[in-house]
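>>> generate a structure from the sequence data that follows.
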Amino acid sequence: MVAADRALAASQDADDHLLTGVCAAQLGYALLGQGQAHHALEVSIAVAHQIARPDPLDAPADHLWVYGTLLITAALGAAALGHAACVAELIGQAGEAAAIVDDGQ
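Prediction:
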């Protein structure tokens, strides 16, 4: 978890949004493994919205696949917390991003 946290900080310092997203997903998985589902959910959502804003679905494909990965990580956190409606929403948003990436946009 320490390594993922440091990688996230370094990627943010480098202002590399895609690398930040990948590092945030890894941190999210580490947090889930430590039983910190709430923190995994928060980090994943926050970074997902930094990567693909203001309209996430208008982002480039490389941003969308990282965005979708973060949403899936967040959904795992929400599932661990028993928030079924949140899980469904996050999975739906990730599915929308995946459909755009699959179309080659």
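>>> what is the least confident helix or strand in this structure?
Sorted by mean pLDDT, DSSP states H and E, the helices and strands of the chain end with helix 2-13, the least confident at a mean of 86.
>>> tell me the secondary structure for the residue most central in space within the chain?
Residue closest to the mean C-alpha point of the chain, counted by CA atoms, centre = their mean, is residue 70 at 1.5 Å. Of the three states, residue 70 takes helix under DSSP: H, G, I helix; E, B strand; the rest coil.
>>> what's the helix or strand for the residue nearest to it when sequence neighbours are not counted?
In space, residue 70 comes closest to residue 48 once its chain neighbours are excluded; the distance is 3.8 Å by CB to CB, 6 or more residues apart in numbering. (C-beta placed from N, C-alpha, C; glycine too.) Assigned by DSSP states H and E, residue 48 belongs to helix 37-51.
>>> what is the least confident helix or strand of the chain packed up against?
helix 17-33 (3 or more CB pairs under 8 Å, 6 or more residues apart in numbering; DSSP states H and E).
>>> what's the burial count for the residue nearest to residue 51 when sequence neighbours are not counted?
The shortest distance from residue 51 to any non-neighbouring residue, by CB to CB, 6+ apart, is to residue 21 (4.7 Å). For residue 21, the count of nearby residues is 27 (other CB atoms under 10 Å).
>>> sounds good, over and out.
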